[in-house]
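Colleague: give me the fold of what follows.
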Amino acid sequence: MPERGSGMDIGAGTWLVTLAVILGLLALDLVLAAVRPHKVGFREAIAWSVGYILVAVVFGVWLTLAHGGEFGTEYFAGYIVEKSLSVDNLFVFVIIMTTFAVPEEHQHKVLTFGIVLALVMRGIFIAVGATLLSLFSFMFLLFGLLLIYTGVQLFRHRDEDPDVENNIVVRTARRVLPLSEDYDGGRLTTKVAGRRLVTPLVVVLVAIGGVDLLFALDSIPAVFGVTDEPYIVFAANAFALLGLRALYFLVKGLLDRLVYLSTGLAVILAFIGVKLILHWAHVDIDDGFPEIPTPLSLGVILGILAVVTVASLLKTRRDPGAKAHPGSLRGSDPEP
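Modeller: Numbers count the residues shown, from 1 in each chain. Reported below is the predicted structural model:
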């Protein structure tokens, strides 16, 4: 991160307005999911996706005009990093929906609750991360090493899918919760033979919450790699996640074609990890160590995503049987 004289001056009023906008959009999603459960069509998904992107862009333009081009560039870089990582979330969401056979009319509700959980957990992670970074500069080194490790693991297991069914959180939920067989109209609980049971929808929400937690472990340090401003980190995460539900319905049929996405994300994570380590070395060891400026980071990230997308489409055109995988941070257990 480039050096500058002072950080952003964000007052309580700005935080409150930003939170109000985000919560308002979330509330709208929740109301639509609860009042009118339905299969989300292609046109509706396009409209919501474009709308959320426009909201994110308008926010970035305001941030640039109000606080300067440097902070605006950091926001857009953070937004693109989080948006690209969130596409990997979509792979896993598709696997979860398929594994638990979630009816299409209830997927809207599941995704919206999943995004709420993600925002809450990432808000906590951002607060903790910002505090650690302000107190201990060596945290840049630890975050950098974490991202490089994550990138290496993701690259090693880029052709695998996470085992949702055998996830320890999901297994525990199945063991301790009294579970019904049916979704019962999208309710969280139901009565069977006079006994109160939870529906499989609860287990689906637990699975998505666990996935959100794992993704936050790499996405938060990644965004801190392009900015050390907590307000920008939170805004970039929030606006990227808000569009995730609509993006899911828009691209879930195209995800199988992005065969090199996991490879590209692994390279991006490792690149940002190197950027954080160089920043730590510049601050704590010697200011002769170079730093990677944010505009260059933005260009590298966009370039990697462009190459990955084009290469994936060419690959699937030549080999229609090629299928993309979200990748995994650990190898699959061998089949018995």
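Colleague: and the strands in the stretch 201-336 of the chain?
Modeller: Ranges of strands in the stretch 201-336 of the chain, per DSSP state E, counting those that start in this stretch: none exist.
Colleague: low-confidence regions, it specifically.
Modeller: 252-253, 328-336 (pLDDT under 70).
Colleague: could you redo the last one with a cut-off of 80?
Modeller: 206, 209-219, 243-257, 287, 294, 323-336 (pLDDT under 80).
Colleague: do a quick rundown of the helices in it.
Modeller: 230-242, 244-251, 261-284, 294-318 (DSSP state H, counting those that start in this stretch).
Colleague: nearest to Gly60, of the ones you listed?
Modeller: Gly60 lies closest to helix 230-242 among these, at 8.5 Å (Cβ to Cβ). Where C-beta positions appear, they are placed from N, C-alpha and C, glycine not excepted.
Colleague: winner for burial among the helices of the stretch 201-336 of the chain?
Modeller: helix 230-242 (a mean of 25; mean count of other Cβ atoms under 10 Å).
Colleague: what comes into contact with it?
Modeller: 8, 10, 14-15, 18, 22, 25-26, 52, 55-56, 59, 63, 71, 74-75, 78-79, 81-83, 86, 115, 118-119, 122-123, 126-127, 129-130, 219-220, 223-224, 227 (Cβ atoms under 8 Å, 6 or more residues apart in numbering).
Colleague: quick one: that helix to chain centroid distance?
Modeller: 10 Å (Cα atoms, centre = their mean, to the nearest Å).
Colleague: could you give the angle of that helix to helix 244-251?
Modeller: Computed by axes from the mean of the first three to the mean of the last three Cα atoms, to 10 degrees, the angle separating helix 230-242 from helix 244-251 equals 40 degrees.
Colleague: narrow the contacts of helix 230-242 to those in helices?
Modeller: 14-15, 18, 22, 25-26, 52, 55-56, 59, 63, 71, 74-75, 78-79, 81-83, 86, 115, 118-119, 122-123, 126-127, 129-130, 219-220, 223-224 (DSSP state H).
Colleague: of the residues you listed, buried ones?
Modeller: By neighbour count, with 16 or more other Cβ atoms under 10 Å, those hold 18, 22, 25-26, 52, 55-56, 59, 63, 71, 74-75, 78-79, 81-83, 86, 115, 118-119, 122-123, 126, 129-130, 219-220, 223-224 as buried.
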